[in-house]
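[1] pasted the sequence and its predicted model underneath.
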Amino acid sequence: MNRDRVIVFFLWFVLWALGEFLIIGTNLFRYPVAAAEEATIVDSAFRFLTVLAVPVPAFVLSVLVYSVLRFRSSGPDQDGPPVHINRSWAVFWLAWTTGLTLFVMVFPGVTGVLEIRHHASKPVDLLVHAQGIRYAWVLTYPELGGFSTQELVVPVGKHVRFEVTANDVLHSFWIPAFRIKIDAVPGMTTTVSATPTLTGNFAEDPQFRLQCAELCGLDHNKMRLPVRVVSEPDFAAWVAAQPTRPARTP
Amino acid sequence: MSTLAGFRWIGRGLLFALVGLAVGAAFALGLTGLTGRPPAEPVIALGYTGALLGWLLGVGLWDVWAREWLGLSTRSLGAEGWQRYFRFNTDHKVVGVQYLVTFVVILLLAGLLAVLLRIELMSPGQELLQPRDFNTTMSLHGIMMVAVAVATIIGGFANFALPLLIGAEDVAFPRVNAFSYWIIPPVAVLLLLTPFFGGFDTGWTGYPPLSVGPVPQGTLLFLLAFLTFGLSSILGGMNFLVTIAKLRAPGMTWGRLPIFVWSVFAAAIISLTATQFVAAGLLMVILDRVVGTAFFDAARGGDALLFEHVFWFYSHPAVYIMILPAFGIELEILSHFSRKPLFGYKLVVGSFFAIVALSFLVWAHHLYTSGMQDFLHIPFMITTELISIPTGVVFLAALGTIWRGRLWLTTPMLFVLAVVFNFLIGGLTGIFLADVPTDIHLQDTYFVVAHFHYTIVGGEVFAIFAGIYYWFPKITGRMYNENLGKLHFWWMFLLYNATFLPMFWTGVWGMNRRVADYTPNLATLNQVISILSFMLAASFLVFVYNMVVSWARGAAAAASPWRARTLEWQTSSPPPLENFPAPPQVVGYPYDYGTPGAVHAIVPVAGGSADAGTKETSHG
């Protein structure tokens, strides 16, 4: 009578352990390079949710697979027991799913949002304007003489704020290595920020790219620019090499 | 000649459509001549409206319905046999079959488009399809599949089976029902014409300003098609709500409704109400294009973000129009083929309504990275994650039902067991998209593509196939080939998972949606996915062969081949025009498996009477 339950619980723990091993002990759930503080927040939320979720599919699979193997029948001649509900199971299930749901809302949900906001509210070291135009990004460094580039170059360890606009259709400003994304919307300025923690460039790792992530028309897929994170002296040298423009009068 | 005569109503519809097109176009030319606006888009919009009206009148609306509006008496169209499927027909079983066949064909066509996309995605760079063709193919695949997902269960199965399940003779508004089907063919025609009008590159979401244009004109065709389809959905929703509320057989109390009926009731609420919002949004885009208003043009005081809110205020609830009836089919079949009562019936019904209520409060989780106000992030994350509680109840019911049942693993049963597995993955990965921090990275990537293919294909389309196999004997009066059914199942189940599971990885690793070209680090995985997807596509050949051959030459089906207890199995296969010789008397719960002597309904049989329940309840 209770043998079925014992086996299912055993199966559950085995699958649970196996799942956690796959996540923590193997390379299967690797993430691309995390090159900014913001990326670490996203990846740790992702990893935490994955680890936390495992018992759910492990339980469902245990019951599903065990039932299919154990309770088969070759036709409609026999009926199962007339059980309409099992209150203690229903309460157990509701308590468990509600508890998990409320938990992930707070952590990593609300805490993650607050952490990202906290990072965004830190003093800004560098401001970059990004304008999406089909099918290119125009990047401008307004505080460094207002030059424009076709490559996003930022210094490591500095808090960079991106002010994003569009003048034709919707675009989206996405840098996979930083895990940041914000839409470019005609008629408004949206902002997103990142503090790069690793140097790197597009040639070595394609995650270092500024990619349009919102369908914007024919050549949407070609709307990407290389991103380069450099050391502070290299950044200063790069800025010095840019053509200067006369500062605009207000 | 008699074969051709069967198409006479469709022929007349086409003729009237041409006349309507000419009248509408002439009217538009006159108007634009007066106002000086460029005539192309008004000609398309009004020409289409005229053609749509002409088509409907010609295909039979005039005879069956519209004559009445002018004080004339209506007349029957009188085509019988196979010909009854090719005219305006008010029999819910005919309308159900019309919907099913139409949408299975659209499903297969849209699947072929997906194969084209996967050929292009075999390697980075753009080789096979020009940018315009890729975007049009991708957009068409999207909107056609969304239409399949919205209409196949409610239009097909609910139409065919729901009146039978509640012991009714037909739906509440049979003529509205026929109307809601016959405006679908123009939708399909418009969508298939888009490539000849420059295609459309907005995806099925049609966000302005991109969808406002001015080019390509195919976008306008898409918008008109979507709007027309929405009208069908609204009318269908209203019809089922009234049917369930008003036409239940004597004794069919709310507490005795089969769970599929409850799921359609819940979905119909969304269909009736939410669809009106997307219709308004689409109309505003059409007005921006055709008349020159500026709802979404920032430069003239409009707001592009507004559309995203309105669109998702419909389109998120819409996923529950898709999945709730799929849950209904899942739980219905699980109970009948486990020969056990549905576990937690009342809890499930409550969960369906909790899902309906919450579905209206979660739309902005599609907008975390849209630039909307920051303070909206946390509330929408909370409401979205709350939905996992009632959804979890559906899993509880599924597992509780099969536990210690007598599982008869026929093809429909295998498909609904797969729904449990697939939707598990679909549901869990949804949490990563509901969570704001992880969604910032995952939004608009293949992680999203994998997630909604797991919920909508793995959840709903698998339930659609379960429903097709389950009701096939009732619909056609013949049995399908069980071995081929199982072959189709295992082939589709394994290849489906092999194709879509890796997409979660490509998404995390930086592959964005709706692109023909991608970075070289993703080449190997994409090549594998493409090859697997071709093998997945081939599994549908087995399905089509089985359906066509079995419908034509399958063994005759008994009235109740599954010995299920619900009412549709207590009448002949296929049922007579009036469904039951006289209204059945419902006297008990539909899922009383294992209770000796329990009876669901007493169904009068031509030439005698028999009751449904006792004959088949075994006492073992």
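    Now that the structure is in, tell me what you want to look at.
[2] show me where pLDDT drops low in the chain?
    I'll assume chain A. Along chain A, the model assigns pLDDT under 70 to residues A:1, A:245-250.
[3] wait, chain B
    Where chain B drops to pLDDT under 70, the residues are B:1, B:606-620.
[4] quick one: the strands in it?
    Applying DSSP state E to chain B gives strands spanning B:407-408, B:585-586, B:601-605, B:608-611.
[5] gap between the residue lying closest to residue B:204 once chain neighbours are set aside and residue B:126?
    Sequence neighbours aside, residue B:142 is the residue nearest to residue B:204 in space, at 3.5 Å (criterion: CB to CB, 6 or more residues apart in numbering or on different chains). (C-beta placed from N, C-alpha, C; glycine too.) Distance, residue B:142 to residue B:126, using CB to CB, to the nearest Å: 19 Å.
[6] so residue B:603 bridges to which residues?
    Taking DSSP bridges as the rule, residue B:603 bridges to residue B:610.
[7] around chain A, which positions in the stretch 201-350 of chain B sit nearby?
    Residues of the stretch 201-350 of chain B lying close to chain A (CB under 8 Å from any CB of the partner chain) are B:201-203, B:205, B:207, B:209-210, B:298-299, B:302-305, B:338-345, B:347.
[8] so what's residue B:312 up against?
    The contact partners of residue B:312, taken as CB atoms under 8 Å, 6 or more residues apart in numbering or on different chains, are B:363, B:364, B:366, B:367.
[9] all helices for chain A, in order.
    Applying DSSP state H to chain A gives helices spanning A:3-20, A:37-53, A:55-70, A:87-104, A:111-120, A:232-240.
[10] so is the third one next to chain B?
    Yes - where contact is defined by CB under 8 Å from any CB, part of helix A:55-70 touches chain B, namely A:56, A:57, A:60, A:61, A:63, A:64, A:67, A:68.
[11] can I get these in TSV with neighbour count?
    Output for these, formatted as TSV (neighbours: other CB atoms under 10 Å in any protein chain shown):
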residue	neighbour count
A:56	21
A:57	18
A:60	23
A:61	17
A:63	20
A:64	22
A:67	22
A:68	15
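[12] neighbours around residue B:596, how many?
    The number of residues packed near residue B:596 is 12, by other CB atoms under 10 Å in any protein chain shown.
[13] repeat for residue B:534
    When neighbours are counted by other CB under 10 Å, residue B:534 registers 14.
[14] closest to residue B:531 out of the contacts of residue B:312?
    residue B:366 (31.6 Å; CB to CB).
[15] for that closest one, list the residues it contacts.
    For residue B:366, the contact set (CB under 8 Å, 6+ apart) comprises B:308, B:312, B:315, B:316.
[16] before we move on, the earlier item: out of the helices of chain A, deepest packed?
    For the helices of chain A, average neighbour numbers computed from mean count of other CB atoms under 10 Å in any protein chain shown are highest in helix A:37-53, which has a mean of 20.
[17] contacts made by that one with the rest, please.
    For helix A:37-53, the surrounding residues in contact (CB under 8 Å, 6+ apart) are A:20, A:23-24, A:29, A:31, A:34, A:100, A:103-104, A:107-108, A:112, A:115-116, A:119, A:177-180, A:193-195, A:197, B:428, B:431-432, B:435, B:437-438, B:440-441, B:508.
[18] count of residues packed around residue B:192?
    15.
[19] that one and chain A, how far apart?
    Here residue B:192 is placed at a distance of 21 Å from chain A (CB to the nearest CB, to the nearest Å).
[20] list the buried residues of stretch B:525-537.
    By neighbour count with 16 or more other CB atoms under 10 Å in any protein chain shown, stretch B:525-537 contains the buried residues B:525, B:526, B:529, B:530, B:532, B:533, B:536, B:537.
[21] could you dump stretch B:410-417 to PDB, C-alpha only?
    Backbone C-alpha positions of stretch B:410-417 (Å, rounded to 0.1, in the frame of the first residue of the first chain) are rendered in PDB as follows:
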ATOM      1  CA  THR B 410      -3.700   4.900 -26.100                       C
ATOM      2  CA  THR B 411      -2.400   7.700 -28.400                       C
ATOM      3  CA  PRO B 412      -4.600  10.400 -26.900                       C
ATOM      4  CA  MET B 413      -3.400   9.400 -23.400                       C
ATOM      5  CA  LEU B 414       0.200   9.500 -24.500                       C
ATOM      6  CA  PHE B 415      -0.200  13.000 -25.900                       C
ATOM      7  CA  VAL B 416      -1.800  14.300 -22.700                       C
ATOM      8  CA  LEU B 417       0.900  12.700 -20.500                       C
END
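[22] spell out which parts of the stretch 451-600 of chain B neighbour chain A.
    By the rule CB under 8 Å from any CB, the part of the stretch 451-600 of chain B lying against chain A is B:508-510, B:512-521, B:562-563, B:592-595.
[23] buried only: go through those for me.
    With burial judged by 16+ other CB under 10 Å, the buried subset of these is B:508-510, B:512-519, B:521, B:562-563, B:592-595.
[24] about what we covered before: can you tell me which of the residues of the stretch 201-350 of chain B next to chain A are in helices?
    The helices, defined by DSSP H, take in B:304, B:305, B:338, B:345, B:347 from these.
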